[in-house]
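> mind looking at a prediction? Sequence and model below.
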Amino acid sequence: MRIDRDRLLDRLATLSQIGGLAGTTGSSRLAFTDADKAGRDLVCTWMADLGLEVTIDAIGNVVATRAGTEDLAPVMTGSHIDTVATGGRYDGNLGVLAGLEVIETLSSAGVRTRRPLAVGYFSNEEGARFAPDMMGSLVYVGGLSVEEAHDTIGIDGLSVGSELERIGYLGATPCPGLVPHAFVELHIEQGPVLEEAGVRIGVVEGVQGISWTEVIIRGQSNHAGTTPMRSRRDPGYVASALAVSVRELATEFGHPQVGTVGRVEYSPNLVNVVPARVTMTIDLRHTDAATLQLAEHRVGARLAELADAEGVTFETRSLARFEPVLFDRDIVDLVEAKARLRGLSTLRLPSGAGHDAQMLARVCPTAMIFTPSHRGLSHNPAEHTDPDDLEVGANVLLDVLRSLAD
Ligand code: HGY
Ligand code: MN
Ligand code: MN
């Protein structure tokens, strides 16, 4: 049995046009924006067209279920359809639409699995507008209360609860959600490993640890022309020096340590004013828990040293902090076996990116399937995965889900 490749490709193309980025195959659908709503509405229509029972929960997670021959805990798949502002066509969307494609393939073949099959899209996986990332799936598994999630204020000053209500996805289904029998997520790798190795299917063994911190540095705004360098208290200098230190630390620690300063906001952000305040974010990740902690400690010490020397003050706030996660060995082995049964090359690897699967792993046996990313690009509208790879990834998902559901 095989999925219908063109039907999958058509849905991916159609969804990517919502919040589409002109001249690219990518999209911008930040969580709980109008574009996110439009994408949600479209996918809910496809779910309803497949005759699935669709539920919306209190954080806007949407789960569509196809009944099995027995009323048991479902085997679940899914991912997210919210994107970063420079999102690609496949990040998250592939996992949701491949899940729908698997269900449509089974229905067309008149095959009913023993367990129900569920396909979900989780709210705000990206965390780019409202931190943390994987917010919806974290609430789904009881790792964050609905109230705390609703009270979260985003980078544009609005709250999750108000935006969720505004777009009409403040659902009635309670959180934490129904615990699946197992969860398997198909996702693009978003890195260069599979393509460089010439491998078709990534057998994902886990997800690396994630540390997001917001730093607000306060100095003294002053005249750019009249203020001698010796008397400046410039938060912009401290922010820039810290960003350099983050890069130097990642170089010193070596792969897989990564460090990113993705967001820096100056105030008043004017050419002739020594800034009063700078807000920046630091994203640190590592597969090893102790090393990630050491990296956080080193960055914190460097910030204190720079601030003291420059005579500025600072405050830090954790935006996200997730320990490394290992997936279920049996399901990891099943993914590998099913890929090899189809004659596909495989490689075991950790995930560099965060995923909803790392949250579902807290409540049920979970694993992931990766397909290669062209040139390792993602969170970039030029993100691309070869259609043949999309097809075989969805076929492996079909086989793994059927095996778990029967
Ligand atoms: O940040 C991440 O790893 C994911 O894209 N949310
Ligand atoms: Mn993703
Ligand atoms: Mn992403």
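Sure thing, it's come through. Numbers count the residues shown, from 1 in each chain. Ligands and ions are numbered 1, 2, ... in the order given.

> near ligand 1, which residues of the protein?
Contact residues, the chain versus ligand 1 (C-beta under 6 Å from any ligand atom): 125-127, 133, 353-354. C-beta here means a position set from N, CA and C on the backbone, and glycine is covered the same way.

> residue contacts, the nearest residue to Glu195 once chain neighbours are set aside?
Leaving aside its sequence neighbours, Glu195 sits nearest to Pro372 (C-beta to C-beta, 6 or more residues apart in numbering; 4.5 Å). By C-beta atoms under 8 Å, 6 or more residues apart in numbering, the residues touching Pro372 are 188-189, 194-195, 199-200, 202, 385-386, 389.

> helices of the stretch 251-400 of the chain, start to end?
Assigned by DSSP state H, counting those that start in this stretch, the helices in the stretch 251-400 of the chain fall at 289-310, 329-341, 357-360, 387-405.

> so which elements touch the first one?
Other elements packing on helix 289-310 under the criterion 3 or more C-beta pairs under 8 Å, 6 or more residues apart in numbering; DSSP states H and E are strand 209-218, helix 235-253, strand 277-286, strand 313-322.

> tell me what the first one is packed against?
Going back to what we said before, that points to strand 209-218. Going by 3+ C-beta pairs under 8 Å, 6+ apart, strand 209-218 lies up against helix 235-253, strand 277-286, helix 289-310, strand 313-322.

> quick one, it and helix 289-310 angle?
Relative orientation of strand 209-218 versus helix 289-310 (axes from the mean of the first three to the mean of the last three C-alpha atoms, to 10 degrees): 10 degrees.

> what's the burial count for the closest residue to ligand 2 within the stretch 151-300 of the chain?
Across the stretch 151-300 of the chain, no residue is closer to ligand 2 than His187, which sits at 5.9 Å (C-beta to the ion). Using other C-beta atoms under 10 Å, His187 is surrounded by 28 other residues.

> residue numbering should commence at 109 henceforth.
Will do, 109 is the new start, and the previous item becomes His295.

> what helix or strand is it on?
strand 290-296 (DSSP states H and E).

> pairing partners for that strand, with directions?
In the sheet, strand 290-296 lines up against strand 183-187 (parallel), strand 474-479 (parallel) (DSSP bridges).

> dump the ones you listed to a markdown table, plus mean neighbour count.
Shown next, in a markdown table, are those (neighbours: other C-beta atoms under 10 Å):
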| stretch | mean neighbour count |
| --- | --- |
| strand 183-187 | 28 |
| strand 474-479 | 28 |
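
> okay if I get the ones you listed as a markdown table plus mean pLDDT and distance to Val287?
Formatted as a markdown table, the strands paired with strand 290-296 follow (pLDDT from 0 to 100; distance: least, C-beta to C-beta, whole Å):
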| stretch | mean pLDDT | distance to Val287 |
| --- | --- | --- |
| strand 183-187 | 99 | 9 |
| strand 474-479 | 99 | 11 |
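
> out of those, which comes closest to ligand 2?
Ligand 2 sits nearest to strand 183-187 of all the strands paired with strand 290-296, at 6.3 Å, using C-beta to the ion.

> the closest one near ligand 2 at all?
No: Strand 183-187 does not reach ligand 2 (C-beta under 5 Å from the ion); its nearest approach is 6.3 Å.

> that strand versus helix 495-513: what angle between them?
Using the same axes, to 10 degrees: strand 183-187 against helix 495-513 is 150 degrees.
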